[in-house]
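Novice: what's the 3D shape of this:
(chains A, B, C, D and E)
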Amino acid sequence: MKKIGIADTMFSRFDYFPVIKEALEKSGKDVEYERYTVPGVKDLPVACKRLFSSDCDIIIACGMVGKTDIDEQCAHEASTSIQAVQLSEGKHILEVFVHLRESDTEKEIVDICRNRVYKHTHNALMLLFDQEGMQKRAGTGIRQGKEDEGPFMV
Amino acid sequence: MKKIGIADTMFSRFDYFPVIKEALEKSGKDVEYERYTVPGVKDLPVACKRLFSSDCDIIIACGMVGKTDIDEQCAHEASTSIQAVQLSEGKHILEVFVHLRESDTEKEIVDICRNRVYKHTHNALMLLFDQEGMQKRAGTGIRQGKEDEGPFMV
Amino acid sequence: MKKIGIADTMFSRFDYFPVIKEALEKSGKDVEYERYTVPGVKDLPVACKRLFSSDCDIIIACGMVGKTDIDEQCAHEASTSIQAVQLSEGKHILEVFVHLRESDTEKEIVDICRNRVYKHTHNALMLLFDQEGMQKRAGTGIRQGKEDEGPFMV
Amino acid sequence: MKKIGIADTMFSRFDYFPVIKEALEKSGKDVEYERYTVPGVKDLPVACKRLFSSDCDIIIACGMVGKTDIDEQCAHEASTSIQAVQLSEGKHILEVFVHLRESDTEKEIVDICRNRVYKHTHNALMLLFDQEGMQKRAGTGIRQGKEDEGPFMV
Amino acid sequence: MKKIGIADTMFSRFDYFPVIKEALEKSGKDVEYERYTVPGVKDLPVACKRLFSSDCDIIIACGMVGKTDIDEQCAHEASTSIQAVQLSEGKHILEVFVHLRESDTEKEIVDICRNRVYKHTHNALMLLFDQEGMQKRAGTGIRQGKEDEGPFMV
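Specialist: Have a look, this model is predicted:
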């Protein structure tokens, strides 16, 4: 059985975990998961490292990024380090980062969070079980956090 | 026989794969290839890592980069990590990234995509089979995605 | 017994160490600690590396970041390297960096310093002893250095 | 006998190689060299890695950087990765990057290219054979690509 | 006996080395040193790597950073790589970088150079011999290159 790691933060103002659980259950896929919560995005990379040590096959790393330049810098440092973890393990980490700069309204941020984490949970399952399905969708403008844009029509 | 890895994304609004296939077939070179599709550019580095584990000799990594600062940051993180994969393997990855900032019209973006991936497929073949040909073109202002600029004439 | 590393700097205009000691004592947890002081933030990563060589289980790295662009660049380089240390050890480093850009008054900076290091000391203890407690707080908008923001209410 | 690696690109509009050859011949030093051409600057790091695998003792990596922000980002990624190659080998790579932002006239860019690569070829020889000569020039404002500035006179 | 590595550049318009020698002699500490000069700041990281291979216990890396954005980018790449060297060795490198953006007058730049390298030489000795002394100065606003700022008084 495949095992999905879920790393999330206390900093985030949205709780991604229940959405992931719901998406996994609805998928009907026989997967198990392990969760690891840390203070903020910069603590996620080593959390992922530790989840891989617990035999996870793929990880969903959920964070929220504040509005200041310092917050954006922190997210960049976290993402760079999450890249390093992926390469050292040869396994995927799907980054579900929502930046507060993406919208001015709380409602829209919440919508982005829910949409992005739901779709990325499905992406995690496709990466584990359905490379053929992914290839069919290549180049078709799929988005997480908002509506798909679709392929260029020219 | 040499094996070319092809990594691409669902995020992209252009499907690079058929152009690569066409360029490989027209080249008449006896190569095989393996494809790996992921959600977006930040998932490409570990996709390349895995393609190298499948004995690829060189990889073409195709992505599309959105217009926002966050998108550009993501591309930078992906590229930095693609560099790390190349060094760990001692093998080339040709990055076919098209940034939506490169043009305001969809038609021009599509032209850039097609031109860049076609020429980089030929570059992949030259890197595998024709270092002498590359050296002849050194310093001559070759471009991928637009017209060659040619050498300085002064 | 768990051992907490404490890395701090001469550059900082606030002495974080007594606050950490106070927080550890009040917690009633049976932990020991080791301190290592360096000139500035860019010296913290290797200080952390050395503290892990002294068998620390987690580290609190305290720095202060000046107001100029060069100072911010230094902090970014330090943070990137602190990420690398965490991955090489598979252990957490909680970064208590206070940026002088966060406020124009010395009083407010001092308040941020005290609040951030106090709360991150508790986070260090939670990471060592209480993953369940962390998971309960996931997605609830916890902050260090200022008031918690709480979860989105939409 | 010492061996110098020369990595260059098809993207560049100036052909650095003949200038390096001329500088090496005029030096009278008994060195051999190996050349490796790639498409652009982001392909130089792994080219250097491969040249070191061919027993090069030092490398001159020649690139040209376009005027857009994306070009500058690419150069930064290439340079970061060239740093990593140097550390993994414990050997120097002299980066001869000319940025098109350095001047608005083609004539001046060509002058910068020629001057920078000529002087850096001599620097490569000094790093291989004459550390004492380098130390004598320390702190004297030596430049590659333009006139030396000389030491501060205060 | 402890050995201090000194890495410096021909690019710099200030010769840091005599000031380091003077500071070491006045300290009365029984240390030896080894010097390694390179062209510019981007050559310092591998110079440090090589000095550590020569059994240095700590390194002072001296550079000068030009005024343009490209110069600042180079310094950032050098600093990032100097961080990597420190982590791979578990030993400190004190970076004495003076940015020409720090002042508009040559006289002030020279004052910054002299002050910063003198004080960092003492920091190197404290890191080698006097951790207790460093801890006493923690949080007291020590500066290199200008006057100490002292601790916050609130």
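
Novice: Secondary structure class of the residue in chain A positioned nearest to chain B, three-state.
Specialist: Nearest to chain B in chain A, going by C-beta to the nearest C-beta, is residue A:139, at a distance of 2.9 Å. Glycine gets a C-beta too; all of them are placed from N, C-alpha and C. Under DSSP: H, G, I helix; E, B strand; the rest coil, residue A:139 falls in the coil class.

Novice: Excluding chain neighbours, what is closest to it?
Specialist: Once flanking residues are discounted, residue A:139 sits nearest to residue B:15: 2.9 Å by C-beta to C-beta, 6 or more residues apart in numbering or on different chains.

Novice: hang on, that neighbour packs against residue A:142?
Specialist: No. Contact criterion C-beta atoms under 8 Å: residue B:15 and residue A:142 do not qualify, at 12.0 Å.

Novice: Not counting residues beside it along the chain, what's closest to residue A:123?
Specialist: Leaving aside its chain neighbours, residue A:123 sits nearest to residue B:39 (4.8 Å; criterion: C-beta to C-beta, 6+ apart).

Novice: how about the one you found, phi and psi?
Specialist: phi -60, psi -60 (degrees, to the nearest 10).

Novice: Check the burial of it by counting its neighbours.
Specialist: 25 (other C-beta atoms under 10 Å in any protein chain shown).

Novice: do residue A:69 as well
Specialist: Neighbours of residue A:69 using other C-beta under 10 Å come to 11.

Novice: how many other residues sit next to residue A:103?
Specialist: 16.

Novice: no, scratch that, I was asking about residue A:35
Specialist: 19.

Novice: Can you name the residues that contact the residue of chain A found nearest chain D?
Specialist: Nearest to chain D, among the residues of chain A, is residue A:80, at 10.6 Å (C-beta to the nearest C-beta). For residue A:80, the contact set (C-beta atoms under 8 Å, 6 or more residues apart in numbering or on different chains) comprises B:77, B:80-81, C:80, C:83.

Novice: With residue A:56 instead?
Specialist: Counting by C-beta under 8 Å, 6+ apart, residue A:56 has contacts A:3-5, A:34, A:91.

Novice: Quick check on it: phi, psi?
Specialist: phi -70, psi 150.

Novice: and the gap between it and residue A:5?
Specialist: 3 Å (C-beta to C-beta, to the nearest Å).

Novice: Spit out the residues that contact the two alike.
Specialist: residue A:34.

Novice: Do a quick rundown of the strands in chain A.
Specialist: A:2-9, A:31-38, A:58-65, A:93-99 (DSSP state E).

Novice: who touches the shortest one?
Specialist: Same thing as strand A:93-99. A:12, A:14, A:16, A:41, A:48, A:58-65, A:72, A:75, A:78-79, A:82, A:85-86, A:109, A:112-113, A:116-117, A:120, A:123-124, A:127, A:144-145, B:39, B:42-43, B:46, B:70.

Novice: what's the nearest residue to residue A:16 once chain neighbours are set aside in contact with, if anything?
Specialist: Nearest residue to residue A:16, sequence neighbours excluded (C-beta to C-beta, 6+ apart): residue A:62, at 4.0 Å. Contact analysis of residue A:62 by C-beta under 8 Å, 6+ apart lists A:6-9, A:12, A:16-17, A:20, A:96-97, A:117.

Novice: what would those residues look like in CSV with pLDDT?
Specialist: Formatted as CSV, the contacts of residue A:62 follow (pLDDT from 0 to 100):
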residue, pLDDT
A:6, 98
A:7, 99
A:8, 98
A:9, 98
A:12, 98
A:16, 98
A:17, 98
A:20, 98
A:96, 98
A:97, 98
A:117, 98
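
Novice: now, which of the residues you listed sits nearest residue D:131?
Specialist: Closest approach between the contacts of residue A:62 and residue D:131, by C-beta to C-beta: residue A:97, at 47.5 Å.

Novice: ok, how many other residues are close to the closest one?
Specialist: 22.

Novice: do the same with the one 5 residues further on
Specialist: Residues contacting residue A:102 under the criterion other C-beta under 10 Å number 18.

Novice: How about it: what's its closest non-neighbour residue?
Specialist: Nearest to residue A:102 is residue A:112, by C-beta to C-beta, 6+ apart, at 5.9 Å.

Novice: ok, now how distant is the one you found from residue A:16?
Specialist: Shown here: residue A:112 relative to residue A:16, a distance of 11 Å by C-beta to C-beta.

Novice: Those two: who's more crowded?
Specialist: Each of residue A:112 and residue A:16 has its neighbours counted (other C-beta under 10 Å); residue A:16 has more, 28 against 18.

Novice: from what I can see the more buried one touches residue A:8, true?
Specialist: Yes. Residue A:16 lies in contact with residue A:8 (C-beta under 8 Å); the separation is 5.5 Å.

Novice: Now the common contact residues for these two.
Specialist: A:62, C:139.

Novice: can you pull out the helices in chain A?
Specialist: A:17-27, A:44-53, A:69-89, A:106-129, A:131-137 (DSSP state H).

Novice: just those helices: most buried one?
Specialist: Compared across the helices of chain A, helix A:44-53 shows the largest average neighbour count, a mean of 24 (mean count of other C-beta atoms under 10 Å in any protein chain shown).

Novice: returning to that earlier point: the contacts of residue A:56 into a markdown table, with extra columns for neighbour count, distance to chain B and pLDDT?
Specialist: Putting the contacts of residue A:56 into a markdown table (neighbours: other C-beta atoms under 10 Å in any protein chain shown; distance: C-beta to the nearest C-beta, whole Å; pLDDT from 0 to 100) gives the following:
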| residue | neighbour count | distance to chain B | pLDDT |
| --- | --- | --- | --- |
| A:3 | 16 | 17 | 98 |
| A:4 | 23 | 15 | 98 |
| A:5 | 25 | 14 | 98 |
| A:34 | 15 | 20 | 98 |
| A:91 | 19 | 7 | 98 |
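
Novice: Check those and tell me the two furthest apart.
Specialist: Longest span within those, C-beta to C-beta: A:34 and A:91, 14.0 Å.

Novice: out of the contacts of residue A:80, who's nearest residue E:153?
Specialist: residue C:80 (33.0 Å).

Novice: Touching, the residue nearest to residue A:123 and residue B:9? I think so.
Specialist: Yes. Between residue B:39 and residue B:9 a contact is recorded at 6.4 Å, counting by C-beta under 8 Å.

Novice: Backbone dihedrals for residue A:68, please?
Specialist: Dihedral angles (degrees, to the nearest 10) for residue A:68: phi -80, psi 160.

Novice: What count of nearby residues applies to it?
Specialist: When neighbours are counted by other C-beta under 10 Å, residue A:68 registers 14.

Novice: In space, not sequence, find me the middle residue of chain A.
Specialist: The centroid of chain A falls nearest to residue A:96 when counting by C-alpha atoms, centre = their mean (3.0 Å).

Novice: Quick check: the gap between that residue and residue B:132.
Specialist: Distance, residue A:96 to residue B:132, by C-beta to C-beta: 48 Å.

Novice: hmm, back to that, could you point out which of the strands of chain A sits nearest residue C:104?
Specialist: So among the strands of chain A, strand A:58-65 is nearest, using C-beta to C-beta, at 24.0 Å.
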